[in-house]
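Participant: The sequence isn't on hand, but the structure is:
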Ligand SMILES: [Zn+2]
C-alpha cells in the first residue's frame, strides 16, 4: 500500500471528514466537508458561474443528479454550497485530508494541499461549523488567502489567524532570502491562530 495515498472509497466516508478531489478543469484540488446523507458542503468563488457543481450544469455526469439541493447556496452569493458526493467528485478521485500529520509528511506532500499538523475537532463540531456557514454565510473568498481548502481547515479546527495579513490556513513554505532559510508555516504549530466560534466568526474578522 502506498504510504502517501489518501484515496478513499465512498463507503469509508464519515461525517465531519475533510475531503478533496483533483479538478482537472481548474487544475487544483477542490475541498469540502462531508456532513452526512451523501452531502458535501464546500466553498467556491462566488463570482464563478452558478452552474459549477450544480445540477443545472450541462456537463454529462451532472445532468443525472437527482438531489434537489445539489449545487445550491442557502445564502446567495456566499459561495458556500451544498453538493451531492457524485457531483463533488465528478470524474476525479475522492481523497481524505490528513490531520495531525508529522512535519516531515507535510513538507514532503506540501505542494498538493493534502495534510496538516493541526488536530481536527470532534466530527459534530466540524459538521456544525460547515452547516452554520452554509446557512448563515461566510466571509469573503480569496484565491490566495481564503479558498476552499482554508474553509475546510477552519471547519475542522475552528482556527483563524489574528493577523489580517496572514489569513491563509493551508501549509506554506516561506523562503527567507536574507537569512537563507526555509520556514514551514503550518496551522498546527502557528502561534498567531486562535479558536473562533463559528457564530462569532464574521464579527471577529470584521475587527481584524
Ligand atoms: Zn449532485
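Facilitator: Perfect, I can see it now. Please read these numbers as outputs of a predicted model, since none were measured by experiment.

Participant: Show me what from this protein comes close to the ion.
Facilitator: 65, 67, 70, 84, 87 (C-beta under 5 Å from the ion). For glycine as for every other residue, the C-beta is placed from the backbone atoms N, C-alpha and C.

Participant: Would you state the strands of the protein in chain order?
Facilitator: 18-23, 28-36, 39-43, 72-73, 80-84, 94-96, 159-161, 172-176, 181-185, 193-195 (DSSP state E).

Participant: Dump these to TSV, plus distance to residue 139 and mean neighbour count.
Facilitator: Shown next, in TSV, are the strands of the chain (distance: least, C-beta to C-beta, whole Å; neighbours: other C-beta atoms under 10 Å):
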stretch	distance to residue 139	mean neighbour count
strand 18-23	18	22
strand 28-36	16	23
strand 39-43	10	26
strand 72-73	15	17
strand 80-84	10	24
strand 94-96	25	20
strand 159-161	9	20
strand 172-176	20	11
strand 181-185	20	12
strand 193-195	15	13
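
Participant: Dump those strands to TSV, plus mean pLDDT.
Facilitator: TSV is the format used below for these (pLDDT from 0 to 100):
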stretch	mean pLDDT
strand 18-23	89
strand 28-36	92
strand 39-43	96
strand 72-73	87
strand 80-84	94
strand 94-96	94
strand 159-161	92
strand 172-176	74
strand 181-185	75
strand 193-195	92
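
Participant: Run a quick neighbour tally on residue 121.
Facilitator: 18 (other C-beta atoms under 10 Å).

Participant: how far away is it from the ion?
Facilitator: Distance, residue 121 to the ion, using C-beta to the ion, to the nearest Å: 27 Å.

Participant: Can you name the residues that contact residue 107?
Facilitator: For residue 107, the contacting residues are 173, 184, by C-beta atoms under 8 Å, 6 or more residues apart in numbering.

Participant: could you give the angle of the lengthiest helix in the chain to strand 39-43?
Facilitator: Of all the segments of type helix in the chain, defined by DSSP state H, the longest one is helix 123-136. Helix 123-136 runs at 60 degrees relative to strand 39-43, counting by axes from the mean of the first three to the mean of the last three C-alpha atoms, to 10 degrees.

Participant: pLDDT on helix 123-136, on average?
Facilitator: Mean pLDDT, helix 123-136: 98.

Participant: which strands and helices sit next to that helix?
Facilitator: Counting contacts by 3 or more C-beta pairs under 8 Å, 6 or more residues apart in numbering; DSSP states H and E, helix 123-136 packs against strand 28-36, strand 39-43, strand 80-84, helix 148-157.

Participant: before we move on, the earlier item: from the residues of the chain next to the ion, which two are the most distant?
Facilitator: 67 and 87 (8.0 Å; C-beta to C-beta).

Participant: Name the residue in the two with the higher neighbour count.
Facilitator: Neighbours were tallied for residue 67 and for residue 87 using other C-beta under 10 Å; the higher tally belongs to residue 87 (23 against 17).

Participant: ok, back up a step: please flag which of the residues of the chain next to the ion sit within helices.
Facilitator: Those of the residues of the chain next to the ion lying in helices (DSSP H): residue 87.

Participant: which one among the residues of the chain next to the ion gets closest to residue 45?
Facilitator: Using C-beta to C-beta, the residues of the chain next to the ion come closest to residue 45 at residue 87, 17.1 Å.
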